[in-house]
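S.K.: what would the 3D arrangement of this be:
(one chain, ligands or ions: 1)
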Amino acid sequence: MTSMDHLRKGWCPGAHRPMRSGDGLLVRVRPRAGSLSLASLRAIGSMAAQFGSGEIDLTNRGNLQIRGVTDDAFVALLGALDMAGLLDPSVEAEAVRNVVVDPLSGLDPQRADVRDLSASLEELLLRDVRLWSLPGKFKFSFSGVAAPRVGGRSADIMMAAGDDYFSIALDGAIGMRCDVARGNVVDAIHRLALAFVELKENDASFRRMRDAVARFGVARVFGLAGLQIPTISAGTEASGAPVGLLRRNESVFGVGVGLPFGRITADHLAVLCEHATAAGIEDVRTSPERVLVFPVSDAPRADELLRRANVAGLIVREDDIRLAMDVCPGSPACKNSRADTRRDAQRFADGFAGSLHGCSLHISGCEKGCARRTEASFTLVGRAGRYDIIRDGSADSMHVHDTIDADDLAAAISRLSLESAV
Ligand code: SF4
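M.R.: Below you'll find the predicted structure:
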């Protein structure tokens, strides 16, 4: 029986406060307003090679994570991050700066540019120490379209851009939104965050905004922030991951390169950066779907970058099955894991012919389910070299549908997804 300590939720690593994992320290770098200069991306790759295991994760919050850092190398890595302008001023400032930004905002002509709003909020999060008591996972997001969930993922406080208005939604009641003018967006979000801090001070059991919404109702939470009772909005959902050639009508505006199960090696990152530089690209956006989005409008250069990424085994097609999979680091990187999840996931992807028929697949080394908080169509939880299959549930579900060998994953999921489709 494993200790349950590792199942504790609510803590996110950073650079100042790394997390210890089976392959060393995890040092997380948070982009600002959802983007990094290409020089910064290249520097992160070099640091991963010099101070870590040479592997970099892109998390489902759009952060980059240097893996396998030794205790001896950690201080030198912090110095290198600081020199590169990638270090927040303190552990508290770093922890509170949890902001996800629509990676196509400002690129896709049909999306509002919300990066300035995100940057203003990030400044406020660094400045207002009252916000530093927000829970470590408390997250804000900015969407350039009317669908509030960026990359299909909820945040505690979500902003969505409509045609001539901006609306704010809270996790737990996404269909009820408060409309505000652009100039009032950051102030409204600020007041909502302070209202949550106050509620949490009175009841420490509130971990996330959805807890407050469930207890008091969404109108009351908005009211505590001095905002109008929200309007009911027809739910709209975001489209798929921004992978491949990104275009609006006939105009190319970017290239999206997916990282298989959220990971890239320093060598492949260096190659990607080299070809992005050759294409005249100066910055990169990070997407919660674990995609690097490169702004580029020259179609031949964009095609060449995709070709190079494909050769490196990265994801360049929207129908790549690996995009439908959430996979945790597993063994040997995580000491709690009971399966080599990434190896089994790649074998599954190699051996699986056909489609998941819209189903989602979560492969987890244990019940903690780090890679996916929400339910998936099929969740596979490692169990001594085998996998428990959970249908329409999460990794900690008690309702196990079946237990299978890792070698049988492709056949079992193929059969189950076909059954779901009929
Ligand atoms: S879900 Fe995966 S990464 Fe998270 S603790 Fe379990 S085995 Fe480790």
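S.K.: what about L131, which SS state?
M.R.: Assigned state for L131: helix (three-state reduction, DSSP: H, G, I helix; E, B strand; the rest coil).
S.K.: contacts only, for it.
M.R.: For L131, the contacting residues are V96, L124, L125, H190, A193, L194, V197, by CB atoms under 8 Å, 6 or more residues apart in numbering. C-beta here means a position set from N, CA and C on the backbone, and glycine is covered the same way.
S.K.: before we move on, what SS does whichever residue of the stretch 101-250 of the chain sits closest to the ligand have?
M.R.: Going by CB to the nearest ligand atom, the ligand is nearest to K137 of the stretch 101-250 of the chain, at 14.2 Å. Remark: K137 carries the secondary structure label coil [criterion: three-state DSSP].
S.K.: since we're on it, how many residues are nearby?
M.R.: As a burial measure, K137 scores 17 neighbours (other CB atoms under 10 Å).
S.K.: please apply the same query to the one 3 residues further on.
M.R.: Residues lying near F140 (other CB under 10 Å) number 23.
S.K.: report the contact partners of it.
M.R.: Taking CB under 8 Å, 6+ apart as the definition of contact, the neighbours of F140 are N98, V99, V100, S118, L121, A155, D156, I157, M158, M159, I189, A193.
S.K.: tabulate these (CSV), appending neighbour count, pLDDT and secondary structure.
M.R.: Putting the contacts of F140 into CSV (neighbours: other CB atoms under 10 Å; pLDDT from 0 to 100; DSSP: H, G, I helix; E, B strand; the rest coil) gives the following:
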residue, neighbour count, pLDDT, secondary structure
N98, 22, 96, coil
V99, 25, 97, strand
V100, 26, 97, strand
S118, 24, 97, helix
L121, 25, 98, helix
A155, 26, 96, coil
D156, 25, 98, coil
I157, 24, 98, strand
M158, 26, 97, strand
M159, 28, 97, strand
I189, 24, 98, helix
A193, 23, 98, helix
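S.K.: need the residues you listed in JSON lines (columns: distance to L26).
M.R.: Converted to JSON lines, the contacts of F140 look like this (distance: CB to CB, whole Å):
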{"residue": "N98", "distance to L26": "16"}
{"residue": "V99", "distance to L26": "20"}
{"residue": "V100", "distance to L26": "19"}
{"residue": "S118", "distance to L26": "24"}
{"residue": "L121", "distance to L26": "25"}
{"residue": "A155", "distance to L26": "22"}
{"residue": "D156", "distance to L26": "23"}
{"residue": "I157", "distance to L26": "26"}
{"residue": "M158", "distance to L26": "27"}
{"residue": "M159", "distance to L26": "29"}
{"residue": "I189", "distance to L26": "29"}
{"residue": "A193", "distance to L26": "26"}
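S.K.: ok, these vs S355, which is closest?
M.R.: Distance from S355 was checked for each of these by CB to CB. The minimum falls on V100, at 28.3 Å.
S.K.: what's near enough to touch the closest one?
M.R.: G34, R61, G62, K139, F140, S141, F142, V150, G151, R153, A155, P288.
S.K.: alongside the ligand, which residues does the stretch 251-400 of the chain contribute?
M.R.: Proximity of the stretch 251-400 of the chain to the ligand, by CB under 6 Å from any ligand atom, involves residues C328, P329, G330, C334, N336, S337, S364, G365, C366, K368, G369, C370.
S.K.: sec struct for the fifth one, please.
M.R.: Here N336 is recorded as coil under three-state DSSP.
S.K.: so it sits right up against S364, yeah?
M.R.: No - counting by CB atoms under 8 Å, N336 does not reach S364; the two are 10.3 Å apart.
S.K.: where does pLDDT dip in this structure?
M.R.: 1-11, 234-238, 421-422 (pLDDT under 70).
S.K.: got CSV for the contacts of V100, with secondary structure and distance to L104 too?
M.R.: Converted to CSV, these look like this (DSSP: H, G, I helix; E, B strand; the rest coil; distance: CB to CB, whole Å):
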residue, secondary structure, distance to L104
G34, coil, 10
R61, coil, 17
G62, coil, 13
K139, coil, 19
F140, strand, 18
S141, strand, 13
F142, strand, 12
V150, strand, 10
G151, coil, 10
R153, strand, 15
A155, coil, 17
P288, coil, 12
